[in-house]
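> take this sequence and fold it.
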Amino acid sequence: MVNNFQKFVTEITDEKTREALTKLFFLFAIDKILDYSFSFFESKSITPVTLKTLREVREQLLSEIRPDALTLVEAFEYSDNTLMSAIGKA
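Residues are numbered from 1 along each chain as shown. The predicted model follows:
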């Protein structure tokens, strides 16, 4: 899934779109690593210091993505009802 997301993002020609989706890609990949962090740690593929760094990077990415969050969600054209959004724009 991560590989497919990366391939999709690298094929985007619009620079702003690619930049926004690259941040989402990294957030997604880091989140998956953190979801399975015990397995990575148990197999000694990752250290506690790396896990801490990944958590910090995730927080930074969330801060960077926040201004574009509404635009990114609306790009999928889900209805406000589907998103259960009481303050949606549509």
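
> only C-alpha atoms for contact and neighbour calcs from this point on.
Will do.

> which one's the longest helix in this structure?
If you go by DSSP state H, the chain has its longest helix at helix 15-35.

> can you pull out the helices in the protein?
Going by DSSP H, the chain shows helices at 2-10, 15-35, 37-42, 48-65, 69-74, 80-83.

> what lies in contact with the second one?
Residues outside helix 15-35 that contact it (Cα atoms under 8 Å, 6 or more residues apart in numbering): 2, 5-6, 9-10, 12, 40, 51, 54-55, 58, 61-62, 65, 68.

> list buried residues within those residues.
When the contacts of helix 15-35 are checked for burial by 16 or more other Cα atoms under 10 Å, the buried set is 5, 9, 51, 54, 58, 65.

> low-confidence ranges, the protein, go.
Within the chain, the ranges that satisfy pLDDT under 70 run 86-90.

> kindly recompute the last result at 80.
When residues are selected by pLDDT under 80, those of the chain lie in 1-2, 70-77, 80, 83-90.

> most neighbours per residue, which of the helices of the chain?
Counting by mean count of other Cα atoms under 10 Å, helix 15-35 has the highest mean neighbour count of the helices of the chain, with a mean of 16.

> keeping just the C-alphas, turn stretch 15-33 into PDB.
The C-alpha trace of stretch 15-33 is given here as PDB (Å, rounded to 0.1, in the frame of the first residue of the first chain):
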ATOM      1  CA  GLU A  15       4.000  20.800  -8.200                       C
ATOM      2  CA  LYS A  16       1.700  22.100  -5.400                       C
ATOM      3  CA  THR A  17      -0.400  19.000  -5.500                       C
ATOM      4  CA  ARG A  18       2.600  16.700  -5.500                       C
ATOM      5  CA  GLU A  19       4.000  18.700  -2.500                       C
ATOM      6  CA  ALA A  20       0.800  18.300  -0.500                       C
ATOM      7  CA  LEU A  21       0.400  14.600  -1.300                       C
ATOM      8  CA  THR A  22       4.100  14.000  -0.600                       C
ATOM      9  CA  LYS A  23       3.500  15.300   3.000                       C
ATOM     10  CA  LEU A  24       0.400  13.000   3.200                       C
ATOM     11  CA  PHE A  25       2.500  10.100   1.900                       C
ATOM     12  CA  PHE A  26       5.200  10.600   4.600                       C
ATOM     13  CA  LEU A  27       2.500  11.000   7.200                       C
ATOM     14  CA  PHE A  28       0.800   7.700   6.000                       C
ATOM     15  CA  ALA A  29       4.100   5.800   5.900                       C
ATOM     16  CA  ILE A  30       5.200   7.000   9.400                       C
ATOM     17  CA  ASP A  31       1.800   6.200  10.800                       C
ATOM     18  CA  LYS A  32       2.000   2.700   9.400                       C
ATOM     19  CA  ILE A  33       5.500   2.200  11.000                       C
END
